[in-house]
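Asks: give me a 3D structure for the following:
(2 chains)
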Amino acid sequence: MARSWTIQDLEYWDARIQEKVREFGLECFPQEFEVCDHEQMLGYMAYHGMPAHYPHWSFGKAYEKLKTLYSYGVSGLPYEMVINAAPSLAYLMRENSLCLQILTIAHVYGHNDFFRNNFTFRNTRPELAIAHFKLRADRVRRYAEDPSIGLQRVEEILDAAHALSLQCRRDTAIRKLLRTEQQERALADAMPPRDPYAGIHKPREYRTPDLNKLPLEPEEDMLLFIAENQPYLSEWQKDLLRIVHDESQYFIPQIETKIMNEGWASYWHHQIMNSLDLPEDLHLEFLVHHNQVVRPHPGGLNPYYLGFKLWEDIRRRHDGVQSPDAVPSPGAAGGREKIFEVRETDRDVSFLRRFLTEPMMREMDLFEYRREPDQTVITQVSDADHWEAVRDSLLRNVGMATVPVIRIVDADFCHNRVLLLRHEHDGRDLQREYLEKTLGYVHRLWDRQVLLETTVSGKKVTFSFDNGGFGEIRTEQPERRHPQD
Amino acid sequence: MTESVFRSYSESDALRSDRSAGDRLRHRQKVREAIRENVVDIVAEESIIGQSRDKIIKVPIRGVREYHFIFGDDSPRVGSGPGDSQPGQVIDKTEGAQPGGKAGNQPGVDYYETEITLEELVDIMFEDLDLPDMERKKLREVPVESMRKRKGFRRVGVRAHLDKKRTAMARMRRKQAARTPPVSELGLARFPFHRDDLKYRHIVRDLRFQSNAVVLCIMDTSGSMDTMKKYLARSFFFLLYQFVRTRYNNVQVVFIAHDAQAREVSEEEFFTKGGSGGTIISSGYLKALEIIKERFHPSLWNVYAFHCSDGDNWTQDNPAALRAARELAEVCNLFGYGEIKPLNSGSYGDSLLELFEKIEAANFHALMIENKEDIWPSFKQLLLRERAGEMADYP
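Replies: Coordinates of the predicted model:
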């Protein structure tokens, strides 16, 4: 494709966009742009956008898949990729037209502002992100090249670690309690509550809490826990587990704010582009691209669409403008302040819960569907009686809510170093085949029997994975709580 | 906020930046491994002959999936519609299966199947086997109808073989070398062809060795051989046929079905027609010997024979079967016997394995197949036997 722009053009438009960015009050990290071709873009996409990343075959798979989809025209490439780093790093595709580049630059500043200000990103240490990824890559390569370790053994650990990478704490912005603090809490919990009628009640028996129990409280950071408590792992193995853990911690905020983040960037590129006084041809091209980005995907859910709609709606409602055609005046307070506050304090789940209203759901025609063996059927639509149910269903399909919560309950079950896991069942059963294989990975790392308590079709089941392989343990004991009680 | 930085595109970086190459390679290796593990499932489905090598086969791949703890597929999801969605409405399957930009990190639709050609599949299947040396079989290679092929160029030859392009090039070369071109009386520089410029294509007769092989599939089709047993037998025959085909350019297959009598049948009949009656194995072997004698003389043909049975022979026939088997082992490159006894199949009849232990020939191998997982390891064993046969011939 003919290149109809130069770096000078980009710099010119960037300066103008930055003016607007300041005017609108976005607070960004310094921004770096790198122009790349589509092959490089595919490469960046496969490696989560990182300029340096440790090698693993799954990234090769991701690359092949992206490339196949791209070359068969199933999916296009994103116009840009932005990395949560300080300074922020973004890639621009060389093949794109000038209009797309301007749109992209504006969009990038939206992400940049979001990364910098949203609370979930507070602990991601963006100033070191790229360096950290590079260091981790160097370490993994060193292990793979070490003749006493080798690629194959590194791969075995990485395969297992990747399987568990999202089994970790979701609230990265909240500090995890230290073990000593957990002990204090256990002691405090064991104290009987102050009883105002102590005189007439039989004093409650004091049970000494087992402070040596491992873990003291159910543990979600599976990789970290295994790295710390599996005595037979070598240092390099523990290091690999921590590398994978750290990496997923870095990405969790992005998983948790996909809709907000894309909506925010789309909202601001829309605002900025409309305020730039673009020449007519560029402006028309922009409208075409913009509508492509934020269009609804029938049957699916486009996070750009959902996010963009919601941000607009919040602003409109807080500006007190009811008609959707009315352009919000930049001078009006209320709406502007509200969206800046929300972009800082929410994540997708809370964002949707607080701001996805019934009229909006109806406007977007959101529905809940269920996959049956041979077809997909709509179960509920957003009408007056069901919109809340559909919304709640949506909440369970965004961010980390798509990952089952599985906690380590006991690392020394039956005093036999058996690892006991518990799935916090929320009405959704686990996929059986994936459960079997993933439990196998836990076993590979823990190197002892692993048990998983879960519920399948309403019945409590315990699955086991030991040297003999996968199995289901029949628990004879009846349910503890009967519905009649 | 400071000035932003723009880094322009640099071609050399782009060329250097194929950083996923190593990981892609490793992934492809894993795909191949996965295919190899699933080979048995595939071969059991395929019909043995009459398949073009370009036929596309769908191969299920399990090994390259990345597993996590995920929710089952039946948990409800949310989508957006055009505005008139109704409860109970069926959405198009393809749309449901591939919701675009889905929020969060739903496991992407993994490709569970890959398509490869039969030829590739065969390559993958046999690549980890130590393939037997082909040296020995020169004896059984026959020169076939020779072809003509081009081989270099000559200064002399018949006019029809003149290579005009090379001739012209030779003249031009000579012209360049001659600094002062002779000027003719017309004033035009003329530079005629010289005899040395002429180049003729040289054509030689191509003598090719044709290597012939015949695969004799012998199967017990008596009443006790049920579909499951035939399914296992079929996989085994398929592997043998494909293996032989990688070694020889002309491969024929003969199907011999026997119960109390043996007859040569078509592939379809061989696998589908249910038999009845008793079992006289020697009849199958004698039929094979007869066919070999008539059509596939061992001096011209490499003979591979494999017999599948459930081991339930008529006892009086055993000595005859043993004799015929010995004879067959002598004329074959490889002769195998597979006893198919699926677990829980209820056939606890006699086994011929003990009987066949008496055959000392190094190129004979008897094995037991209990389920489809046995097929591939058994087949590898069988091929080892062929190597053993060669070792015996060439100490």
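
Asks: for the residue of the stretch 51-200 of chain A found nearest chain B, give its distance to A:D159.
Replies: At 3.2 Å from chain B, A:G60 is the closest residue in the stretch 51-200 of chain A, using Cβ to the nearest Cβ. Just so you know, the C-beta spots here come from the backbone N, C-alpha and C atoms, and that holds for glycine as well. A:G60 sits 13 Å away from A:D159 when distances are taken as Cβ to Cβ, to the nearest Å.

Asks: quick one: contacts for the residue of the stretch 51-200 of chain A closest to chain B?
Replies: Counting by Cβ atoms under 8 Å, 6 or more residues apart in numbering or on different chains, A:G60 makes contact with A:46, B:20, B:22-28.

Asks: which residues of the stretch 201-350 of chain A lie near chain B?
Replies: A:255, A:258-259, A:296-306, A:348 (Cβ under 8 Å from any Cβ of the partner chain).

Asks: show me where chain B has helices.
Replies: With DSSP state H applied, chain B shows helices at B:11-16, B:21-37, B:39-45, B:93-97, B:118-127, B:164-177, B:227-247, B:267-272, B:281-295, B:318-331, B:353-356, B:372-393, listed in chain order.

Asks: that should have said the stretch 201-350 of chain A, apologies.
Replies: Taking DSSP state H, counting those that start in this stretch to define them, one finds helices in the stretch 201-350 of chain A at A:222-229, A:235-256, A:258-275, A:280-293, A:303-319, A:335-345, A:348-355.

Asks: could these go into CSV alongside mean neighbour count?
Replies: Written out in CSV, the entries for the helices of the stretch 201-350 of chain A read as follows (neighbours: other Cβ atoms under 10 Å in any protein chain shown):
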stretch, mean neighbour count
helix A:222-229, 22
helix A:235-256, 21
helix A:258-275, 24
helix A:280-293, 14
helix A:303-319, 22
helix A:335-345, 17
helix A:348-355, 19
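
Asks: so which of those helices is nearest A:P55?
Replies: In terms of Cβ to Cβ, the element of the helices of the stretch 201-350 of chain A nearest to A:P55 is helix A:235-256, at 12.2 Å.

Asks: distance from that closest one to the middle of the chain?
Replies: Helix A:235-256 has its C-alpha centroid displaced from the chain centroid by 13 Å (Cα atoms, centre = their mean, to the nearest Å).

Asks: now do the buried residues in the helix or strand A:K65 falls within.
Replies: Taking DSSP states H and E as the criterion, A:K65 maps to helix A:57-71. If you call a residue buried by 16 or more other Cβ atoms under 10 Å in any protein chain shown, then helix A:57-71 has these buried ones: A:57-67, A:70.

Asks: now list the buried members of the contacts of A:G60.
Replies: Members of the contacts of A:G60 that pass the buried threshold by neighbour count (16+ other Cβ under 10 Å) are listed as A:46, B:20, B:23-24, B:26-27.

Asks: mind checking the pLDDT average for the helix holding A:K65?
Replies: Predicted confidence along helix A:57-71 averages 84 (mean pLDDT).

Asks: export it as PDB, just CAs?
Replies: Once non-C-alpha atoms are left out, helix A:57-71 reads as follows in PDB (Å, rounded to 0.1, in the frame of the first residue of the first chain):
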ATOM      1  CA  TRP A  57       5.900 -23.000  22.100                       C
ATOM      2  CA  SER A  58       2.500 -21.600  23.000                       C
ATOM      3  CA  PHE A  59       3.500 -18.200  21.600                       C
ATOM      4  CA  GLY A  60       4.500 -20.000  18.400                       C
ATOM      5  CA  LYS A  61       1.000 -21.500  18.300                       C
ATOM      6  CA  ALA A  62      -0.500 -18.100  19.000                       C
ATOM      7  CA  TYR A  63       1.500 -16.600  16.100                       C
ATOM      8  CA  GLU A  64       0.400 -19.300  13.700                       C
ATOM      9  CA  LYS A  65      -3.200 -18.900  14.700                       C
ATOM     10  CA  LEU A  66      -3.100 -15.100  14.300                       C
ATOM     11  CA  LYS A  67      -1.300 -15.400  11.000                       C
ATOM     12  CA  THR A  68      -3.800 -18.000   9.700                       C
ATOM     13  CA  LEU A  69      -6.800 -15.900  10.800                       C
ATOM     14  CA  TYR A  70      -5.200 -12.800   9.300                       C
ATOM     15  CA  SER A  71      -4.200 -14.300   6.000                       C
END
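
Asks: report the angle between it and helix B:21-37.
Replies: Between the direction of helix A:57-71 and that of helix B:21-37, the angle (axes from the mean of the first three to the mean of the last three Cα atoms, to 10 degrees) works out to 90 degrees.

Asks: next helix or strand past helix A:57-71?
Replies: With secondary structure assigned by DSSP H and E, helix A:57-71 is succeeded by strand A:80-83.

Asks: and the average pLDDT for the helix or strand that comes right after that following strand is what?
Replies: Scanning the chain past strand A:80-83 towards its C-terminal end, the next helix or strand to appear is strand A:88-93 (assignment: DSSP H and E). Rounded to a whole number, the mean pLDDT of strand A:88-93 is 90.

Asks: what helices and strands are in contact with strand A:88-93?
Replies: Contact partners of strand A:88-93 among helices and strands, from 3 or more Cβ pairs under 8 Å, 6 or more residues apart in numbering or on different chains; DSSP states H and E: strand A:31-36, helix A:38-46, strand A:80-83, helix A:98-117.

Asks: which neighbours does that strand have in its sheet, and in what orientation?
Replies: Listed by DSSP bridges, the sheet partners of strand A:88-93 and their directions read strand A:31-36 (parallel), strand A:80-83 (antiparallel).

Asks: now these in a markdown table, with mean neighbour count?
Replies: Formatted as a markdown table, the entries for those read as follows, by neighbours: other Cβ under 10 Å:
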| stretch | mean neighbour count |
| --- | --- |
| strand A:31-36 | 21 |
| strand A:80-83 | 23 |
